[in-house]
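Chemist: prediction below, plus the sequence it came from.
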Amino acid sequence: MVWLQKLFTKTENENDLSDKNYGRDWVTLDPEIFGRSKIYFSTNQDIDLYELEELCDSVGWARRPLRKVRKALDNSYLVASAWEVRGARTVLIGFARATSDHAFNATIWDVVIHPRFQNKGLGKIFMKYMIKKLRADDISNVTLFADPHVIEFYRRLGFVLDPEGIKGMFLYPD
């Protein structure tokens, strides 16, 4: 079982200040599934491009030019990340981003969860976190593109294929 827990504490110790600065939303984990892992989500923690590429490599994605990845991040409306705290080290284990018109629509891109954390409920709660952040900004229409092997995952989150006959169309370079 996994669920999201926002930390609301009155004390002003170093950890609390760090949580406020980074917008950390801690995930409470079932120790029988996750062991001693400590995980949090963030929408404003800096992402090292090399660490992001390692994460993408872990799921078999093709390499992309880092300059274009940086440009995509810089021009995204929302960038969310999932982090595992291992002692003094923090490791990127999840990532997603969204583009938006800042009013009605957002599209989620590049959702990735490290294979060590897949099929344990973390991807589901991470997507709900993304959607909650978009809904908090009054974005009502959320779309995404999905590879065929993950369509069922997104369907279980409430996404539908071709609602009301809407068809996505693509223009590729010649």
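Modeler: Nice, I can see it. These figures come from a predicted structure and were not determined experimentally.
Chemist: for the lengthiest helix in the chain, buried residues please.
Modeler: The longest helix of the chain (DSSP state H) is helix 122-136. For helix 122-136, burial by neighbour count (16 or more other C-beta atoms under 10 Å) applies to Leu122, Gly123, Ile125, Phe126, Met127, Tyr129, Met130, Ile131, Lys133, Leu134. Placement of C-beta: from N, CA and C, glycine included.
Chemist: got a list of contacts for it?
Modeler: 2-4, 25, 27, 39, 41, 43, 78, 80, 82, 93-94, 96, 98, 100, 106, 108, 111, 113, 117, 142, 153-154, 156-157 (C-beta atoms under 8 Å, 6 or more residues apart in numbering).
Chemist: would you turn the buried residues of helix 122-136 into CSV with distance to Gly87?
Modeler: Below are the buried residues of helix 122-136 laid out as CSV (distance: C-beta to C-beta, whole Å):
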residue, distance to Gly87
Leu122, 20
Gly123, 25
Ile125, 24
Phe126, 23
Met127, 28
Tyr129, 25
Met130, 28
Ile131, 32
Lys133, 29
Leu134, 33
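Chemist: among these, which one sits closest to Glu32?
Modeler: Leu122 (14.4 Å; C-beta to C-beta).
Chemist: ok, so of the buried residues of helix 122-136, who is nearest Arg70?
Modeler: For these, the nearest to Arg70 is Met130 (20.5 Å; C-beta to C-beta).
Chemist: check which element follows the longest helix of the chain along the chain.
Modeler: strand 141-144 (DSSP states H and E).
Chemist: for the protein, just list every one of the strands.
Modeler: Shown for the chain, the strands assigned by DSSP state E span residues 2-5, 25-29, 38-42, 78-86, 89-100, 105-113, 141-144.
Chemist: elements contacting the last one?
Modeler: Okay, so that is strand 141-144. Here strand 141-144 touches strand 105-113, helix 122-136, going by 3 or more C-beta pairs under 8 Å, 6 or more residues apart in numbering; DSSP states H and E.
Chemist: for it, buried residues please.
Modeler: Val142, Leu144.
Chemist: tell me which of the strands of the chain lies nearest to Glu51.
Modeler: Closest among those, using C-beta to C-beta: strand 89-100, at 4.8 Å.
Chemist: and the closest one, how far out from the chain's middle?
Modeler: Centroid separation for strand 89-100 versus its chain: 5 Å, with C-alpha atoms, centre = their mean, to the nearest Å.
Chemist: what of stretch 24-40?
Modeler: 16 Å.
Chemist: buried set for that stretch?
Modeler: For stretch 24-40, by 16+ other C-beta under 10 Å, it's Arg24, Asp25, Val27, Leu29, Phe34, Ser37, Ile39, Tyr40.
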